[in-house]
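Trainee: predicted model and sequence below, questions to follow.
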Amino acid sequence: YPSFNSPHALLSTISYPHHPLTLKEFRKLFQKQSSRYFFKTTCPPEINREQYIFRELLLDDELVPVYNGKIFLQLDRIV
């Protein structure tokens with residue numbers, strides 16, 4: 001997951017048998033409570049010419065999107 005606050009991309013590998021995963025469950029895995037979460041997800045061409053967008057999740061019960069079988073995250077620290 002690239003971070004808005006850093007030029008370096010990071011990679012974490014998790015094993016989590018419970019699918020689908022909610023934002024609340026995801027945050028518990030990484031303990032990054034003061035961050036904004038933008039997840040890569042597919043996008044219809046009428047909305048964006050790219051095949052994907054990064055969608056911000058705000059609510060604990062929202063499901064974390066999976067893109068090509070993986071979770072991609074853009075993380076932004078709240079200051």
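Mentor: Cool, got the structure.
Trainee: what ranges in this structure fall below the confidence cut-off?
Mentor: 1-8, 10, 16-18, 32-33, 79 (pLDDT under 70).
Trainee: and if we set it to 80?
Mentor: Counting by pLDDT under 80, the chain contains low-confidence ranges at 1-19, 30-35, 44-50, 75-79.
Trainee: which residue of it lies farthest from its centroid?
Mentor: E46 (22.4 Å; C-alpha atoms, centre = their mean).
Trainee: send me stretch 24-44 as CSV with only the CA atoms.
Mentor: Coordinates of each C-alpha in stretch 24-44 appear next as CSV, following Å, rounded to 0.1, in the frame of the first residue of the first chain:
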residue,chain,number,x,y,z
LYS,A,24,-13.4,-2.7,11.4
GLU,A,25,-11.9,-6.1,11.2
PHE,A,26,-9.2,-4.9,8.8
ARG,A,27,-8.2,-2.0,11.1
LYS,A,28,-7.9,-4.4,14.1
LEU,A,29,-5.3,-6.4,12.1
PHE,A,30,-3.1,-3.4,11.5
GLN,A,31,-3.7,-1.2,14.5
LYS,A,32,-3.7,2.0,12.4
GLN,A,33,-6.6,3.9,13.9
SER,A,34,-5.6,7.4,13.0
SER,A,35,-5.5,6.8,9.2
ARG,A,36,-7.7,7.1,6.2
TYR,A,37,-8.2,3.9,4.2
PHE,A,38,-8.5,4.0,0.4
PHE,A,39,-9.0,0.5,-1.2
LYS,A,40,-8.5,-0.3,-4.9
THR,A,41,-11.7,-1.5,-6.5
THR,A,42,-13.1,-1.9,-10.0
CYS,A,43,-14.7,1.0,-11.6
PRO,A,44,-17.2,1.1,-14.5
